[in-house]
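S.K.: my questions concern the predicted model and sequence given below.
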Amino acid sequence: MVAEIQEDVQSTSAFIGMAHLRDDIMQVMGEVPRHLFVPAEVRNQAYQNRPLPIGYGQTISQPYIVALMTALIDPAAGDAVLEVGTGSGYQAAVLAALGARVYTMEIIPELARRTAVLLRDNVKGRIATRQGDGYFGWPEAGPFDAIVVTAAADHVPPPLVRQLKNGGRLVIPVGHRFSVQQLLLIRKDEMGQLTTRPVLPVQFVPLTGGPQGD
């Protein structure tokens, strides 16, 4: 799986601006047990470099995409990272293994409860879970060094931008469900000014909640 991630990195290097990901990220991708985060009926496919269904209309992301989004926010040990869309918990586990303080939100109550137990029982590290609408972020836990959104929005949620620290990074897929989505990297400089870079065409399940859910 790790070798396939590296092949994808090299084949998309012109888009993502990297020929290699950080060594510690690649090491963690090889160490976090992905099979724990998928249902039993697809566990035999857990180490394939592809997304898999996890129930409730949701998926666990392709390992390459998890590694790429992690690399784009460039987390350091101790960084506070907000994840919008806990899903299976795999992205949160990867971030925690890198030493980040993870705050992760899931809007689907049943999935939020299931994954909170899974993370509590199987993942070492600092992970706080919450069931709620991630469009509005987690203001009392912020501001955040980085934010990862694991579902596609039709625009960048303003509350998340406000909760990003100066000097922070936000990675989010933006686009409609039935059109091409773009993975965006948004940087907030030390003066609070934003720059946005399209990274890669992607396909994610849609972000629910917020104004889009009205």
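M.R.: All right, it came through fine.

S.K.: which residues touch stretch 193-201?
M.R.: With contacts defined as Cβ atoms under 8 Å, 6 or more residues apart in numbering, stretch 193-201 is touched by 12, 15-17, 68, 72, 161, 171, 180-189. From N, CA and C alone the C-beta is placed, and that goes for glycine too.

S.K.: in helices, which of those residues appear?
M.R.: Residues of the contacts of stretch 193-201 located in helices (DSSP state H): 15-16, 68, 72, 161.

S.K.: of these, closest to Val42?
M.R.: Leu68 (22.0 Å; Cβ to Cβ).

S.K.: which non-adjacent residue is nearest the closest one?
M.R.: Once flanking residues are discounted, Leu68 sits nearest to Ile16: 6.3 Å by Cβ to Cβ, 6 or more residues apart in numbering.

S.K.: which residues touch Val42?
M.R.: If a contact means Cβ under 8 Å, 6+ apart, then Val42 has 52-53 as its contacts.

S.K.: hmm, I was thinking of Pro173
M.R.: Taking Cβ under 8 Å, 6+ apart as the test, what Pro173 contacts is 149, 151-153, 181-184, 202, 204.

S.K.: now Met29: closest residue in space that isn't a chain neighbour?
M.R.: Nearest to Met29 is Ala67, by Cβ to Cβ, 6+ apart, at 5.2 Å.
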